[in-house]
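K.L.:
Below: sequence and its predicted model.
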Amino acid sequence: MIDFEKFELENGLKVLVHKDTSTPIVAINILYDVGSRDEDPDKTGFAHLFEHLMFGGSINIPKYDVPLENAGGENNAFTNNDITNYYLTIPKQNLELAFWLESDRMLNLAFSKKSLDVQRNVVIEEFKQSYLNQPYGDVWLLLRPLAYKVHPYLWTTIGKDISHIENATMADVKSFYKKYYNPNNAILSIAGDIDINEIKALSQKWFGPIQSLEKPKRNLPKEPTQQKPQHLSVERDVPVDAIYKAYHMCNRTDDDYYTTDLISDVLSNGNSSRLFSRLVKERQVFSKINAYISGDIDNGLFIFTGKLANGIKMEEAENALNVEIEKMKTEEVSKDELQKVKNKIESTIEFSEINVLDKAMNLAYSELLGDADLINQEIGLYNKVTKEDIQKVAFKIFNNNNCSTLYYYAN
Amino acid sequence: MKELNRNFTPNIRPVTDINYQQPVIHNLDNGIPVYLLQTGTQDIVKIEFIFNAGNYYEPKSLVSWFTNKMLKEGTQNFTASQIAEKIDYYGAHLELSADKDKAYITVYTLNKYLSEILPIVEDVIFYPLFPENELNIKIQNKKQEYIVNSNKVKNLARWKFDELLFGENHPYGKFVNADDYDTIVQKDLIDFHRDNYFIADCKIIAAGNIHKNFIGILNKFFGKHTESHTRKNLNINPIETSNLHMMHYKKEDALQSAIRIGKKLFNKKHPDFLKLQVVNTILGGYFGSRLMSNIREDKGYTYGIGSEIVSVQHSGYFFIASEVGAEVTQSAVDEIYHEIDVLQNEKVPETELKLVKNYMLGSFLRSIDGPFAMSENFKGLLEYDLDYNYLKSFVEIVKDVNAIEIQELAQRYFDKKSLIELKVGS
């Protein structure tokens, strides 16, 4: 259970405050409601590139990291399809410094040419390191456009292609900033040994004067229902064959979301899960197998990834996997099996509340989904799921026409 | 209303009082020491069992690792699937790991299920069977994983660098090959477990919300075991650091090269170890470090670069590591040496030194924040028979070390002629 208070400044910035007196560290998270789904199809990878530029100096602060490190703080950020999220931890006596830093880069950036030139290169190296110079690194570059045809989830956060990053201009950067980096497009959350009144005063002092523009409207094309199975085969210089299957699933706020998450747990959470115990241990058709949901805000994907055991043919592996997928539709899960995945959820939530940073992040994200208190309601929502729900939702998702399959062969 | 002056850094107060919690020590009936850290807000506990059963003690490659990982694949009272089922059912985590020196069995659980989880942990530690069918599956799958991993320049560099530092005949330096996986048999694991998972060496760290009857419960499951045999004499070959100062390990068509530059040093008991941590932080130990500022933030050659000083029981080492664009490999290497030169030839400016000190103290605060961090930090002391005083001296050294000492240390320990340079790539 996470107690929190919420208030909103006149400029639309939402602020969430959670008090935890057990730690000398304060965590501050600031979530901007912009992700790679908001990009122009010809300028992909931009939200993420922009995240890098947010460290390149703001209007009054030449280097973001220097004062923070001086104050004993540490920070990082990530971008995904839906959001760009910045976070830091700092000894509590230096809390105000964090407000100064974060408000200045919300107010205005320095927009240095040098920063743009260098970060373009850094992101290109990141592209190579994570997607190109790794065995199986390009899987998502292949699988996304197979599963999505119109919705912007069809490209990865890093971008469709290195050239998109190479071509980013200063004008692009400035207009992106102007459109998305506004107080009414952000959620600030703070967790630690702090005083709510102090947070109100600091928020007003540092963020209050920042003017708001209109909140950007999101009007993304809806992915039409997939009508037939999609297949792609590739050969790569990798040692082992692999298979990837992606089924379309509901969005993050749909009633079916929690059921879908539990389906993925039944299949693949822990060594006692169905896929591991049956396909890796008993039948030995896979050396590794996983099922998980993408968790995206818009309609997401239910994904299977498997590396084939030595000497196993693709068809045999896929058939064995399909048998397990089919069983989710045709047989009810047992009472114990359902209780097990619910217990695991309870434990995961309990462990996630150990750390102020996790709490601050989760609060901000829940608020973005509509209500920060969702963080406290989720355990109930998971517990409500019945074995009938599991079967019903499995039936809805695991339809061959709804599936994209990537056969990734070792050459 | 007066306009807010943003062009003015809010007052920074350095970290002064560090509230380091010393563990409460109990001994189980058989003498196993238990270190208790009562901390945190949640009703959970992390219990870690530590044994002297890492690579250092193994008669051949991979034996310590497989012994450790196979502990939960079948015991006298539970099959592998029963163990997995129970651990999952109660939402617990059972982590097995082994490094150069130690082997660990770590369990995380909600306190309310402690009594259900510990009987399994007892069996896993004391009565593993290492069933052959389970072992064969594990060997096949891990061999495959190894082959995938050996396609990554970063891993090749890590493994090869250990060999250069410690020599192929020393347990720290052995380069594992795919064929080594085929040599592992059940008897290796049974023998290794008998000879190295010693009650006399075992230590337990528990952190979280420790209930009143905790020691009583631990005693029930772990306090009654005794052993009659003693540890066999080890016959370890000496460390033989390579005479090569430069090595290029070919990996065709790699888009990036992995770079490692460093040398063998000493472990954390050496009098210069802590001061050298400050030198290392300046060079490559944080985001604002000189290597990061130059090679990522100025040149854009890499997504990341860093350096570390690592302590192991019988040695220690320093290394710089990065993955850089293939076409800029040599330029990146040149810049690394340039930064070492600067560190040796010029005094660190006071503003930079002050920043690094503040950063390190903040970092230290984070490293003891919460039950998991605190137990991890304490483990780093316990393994070297160090205590709270070591941390106090760390804080004092960070506060007191000056620019002249830093320059001297850089000259003494980072002499370019003493460094080994490894590049893995096309």
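P.N.:
Yep, it's here.

K.L.:
For whichever residue of the stretch 151-300 of chain B sits closest to chain A, give me its contacts.
P.N.:
As assessed by C-beta to the nearest C-beta, chain A sits closest to residue B:300 within the stretch 151-300 of chain B, at 2.8 Å. Just so you know, the C-beta spots here come from the backbone N, C-alpha and C atoms, and that holds for glycine as well. By C-beta atoms under 8 Å, 6 or more residues apart in numbering or on different chains, the residues touching residue B:300 are A:117, A:118, A:119, A:120, A:121, A:122, A:124, A:125.

K.L.:
count of neighbours near the closest residue to it other than its chain neighbours?
P.N.:
Counting by C-beta to C-beta, 6 or more residues apart in numbering or on different chains, residue B:300 lies nearest to residue A:121, which is 2.8 Å off, once chain neighbours are set aside. By the criterion of other C-beta atoms under 10 Å in any protein chain shown, residue A:121 has 19 neighbours.

K.L.:
A strand includes residue B:97, no?
P.N.:
Yes. Applying DSSP: H, G, I helix; E, B strand; the rest coil, one finds residue B:97 inside a strand.

K.L.:
Secondary structure element holding the residue nearest to it when sequence neighbours are not counted?
P.N.:
Nearest residue to residue B:97, sequence neighbours excluded (C-beta to C-beta, 6+ apart): residue B:104, at 4.9 Å. For residue B:104, the host element (DSSP states H and E) is strand B:103-110.

K.L.:
still on that earlier bit, let me know the pLDDT of the residue nearest to residue B:97.
P.N.:
On the pLDDT scale, residue B:104 is placed at 98.

K.L.:
Helix, strand, or coil at the residue in the stretch 301-426 of chain B that chain A sits nearest to?
P.N.:
At 2.1 Å from chain A, residue B:362 is the closest residue in the stretch 301-426 of chain B, using C-beta to the nearest C-beta. Three-state assignment for residue B:362 (three-state DSSP): helix.

K.L.:
which residues touch it?
P.N.:
By C-beta under 8 Å, 6+ apart, the contact set of residue B:362 is A:69, A:71, A:72, A:73, A:74, A:90, A:91, B:15.

K.L.:
quick one: which of those has the most company?
P.N.:
Neighbour max across those (other C-beta under 10 Å) = residue A:71, 30 neighbours.

K.L.:
show me what contacts that residue?
P.N.:
A:90, A:91, A:94, A:97, B:12, B:358, B:362.

K.L.:
Need those in a markdown table (columns: secondary structure and pLDDT).
P.N.:
Listed next are these as a markdown table, based on DSSP: H, G, I helix; E, B strand; the rest coil; pLDDT from 0 to 100:
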| residue | secondary structure | pLDDT |
| --- | --- | --- |
| A:90 | strand | 97 |
| A:91 | strand | 96 |
| A:94 | helix | 96 |
| A:97 | helix | 97 |
| B:12 | coil | 92 |
| B:358 | helix | 96 |
| B:362 | helix | 95 |
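
K.L.:
can you tell me which of the residues you listed lies nearest to residue B:412?
P.N.:
Among the contacts of residue A:71, residue B:358 lies closest to residue B:412 (C-beta to C-beta), at 25.5 Å.

K.L.:
residue contacts, the residue most central in space within chain B?
P.N.:
By C-alpha atoms, centre = their mean, chain B has its centre lying nearest to residue B:99, at 7.4 Å. Shown in contact with residue B:99 (C-beta under 8 Å, 6+ apart): B:54, B:55.

K.L.:
Pull out the buried members of the contacts of residue B:300.
P.N.:
A:118, A:119, A:120, A:121, A:122, A:124, A:125 (16 or more other C-beta atoms under 10 Å in any protein chain shown).

K.L.:
So which of those residues sit within helices?
P.N.:
Among the buried ones among the contacts of residue B:300, DSSP state H puts A:118, A:119, A:120, A:121, A:122, A:124, A:125 in helices.

K.L.:
just checking, the last one touches residue B:301?
P.N.:
Yes. Judged on C-beta atoms under 8 Å, residue A:125 makes contact with residue B:301 at a distance of 7.0 Å.

K.L.:
before we move on, back to that, with chain A as the reference, measure out to the residue nearest to the centre of chain B.
P.N.:
Distance of residue B:99 to chain A, given as C-beta to the nearest C-beta, to the nearest Å: 22 Å.

K.L.:
Show the pLDDT at that residue.
P.N.:
On pLDDT, residue B:99 comes in at 97.

K.L.:
which residues does whichever residue of the stretch 1-150 of chain B sits closest to chain A contact?
P.N.:
Minimum separation of the stretch 1-150 of chain B from chain A (C-beta to the nearest C-beta) falls at residue B:91, amounting to 2.8 Å. When contacts are counted by C-beta under 8 Å, 6+ apart, residue B:91 is found next to A:343, A:344, A:345, A:346, A:347, A:348, B:109, B:110, B:113.

K.L.:
Just give me the neighbour total for the nearest residue in space to the last one that is not next to it in sequence.
P.N.:
Just to be clear, that refers to residue B:113. Closest residue to residue B:113 apart from its sequence neighbours, by C-beta to C-beta, 6+ apart: residue B:90 at 4.0 Å. Per other C-beta under 10 Å, the neighbour tally for residue B:90 reads 19.

K.L.:
What of residue B:24?
P.N.:
13.

K.L.:
Also the one 3 residues further on?
P.N.:
By other C-beta under 10 Å, 12 other residues sit near residue B:27.

K.L.:
got a list of what it touches?
P.N.:
Residue B:27 sits next to B:33, B:34 when contact means C-beta under 8 Å, 6+ apart.

K.L.:
Residue B:61 now?
P.N.:
Counted by C-beta under 8 Å, 6+ apart, residue B:61 has contacts B:174, B:176, B:180, B:183.

K.L.:
Quick one: end-to-end distance for stretch A:8-17.
P.N.:
11 Å (C-alpha to C-alpha, to the nearest Å).

K.L.:
Then stretch B:382-393?
P.N.:
End to end - C-alpha to C-alpha - stretch B:382-393 spans 16 Å.

K.L.:
now swap in stretch A:322-342 and tell me
P.N.:
End residues of stretch A:322-342 are separated by 25 Å (C-alpha to C-alpha).

K.L.:
Next: stretch A:86-100.
P.N.:
In stretch A:86-100, first residue to last residue: 14 Å (C-alpha to C-alpha).

K.L.:
That stretch and chain B, are they touching?
P.N.:
Yes. Stretch A:86-100 reaches chain B (C-beta under 8 Å from any C-beta of the partner chain) through A:89, A:90, A:91, A:93, A:94, A:96, A:97, A:99, A:100.
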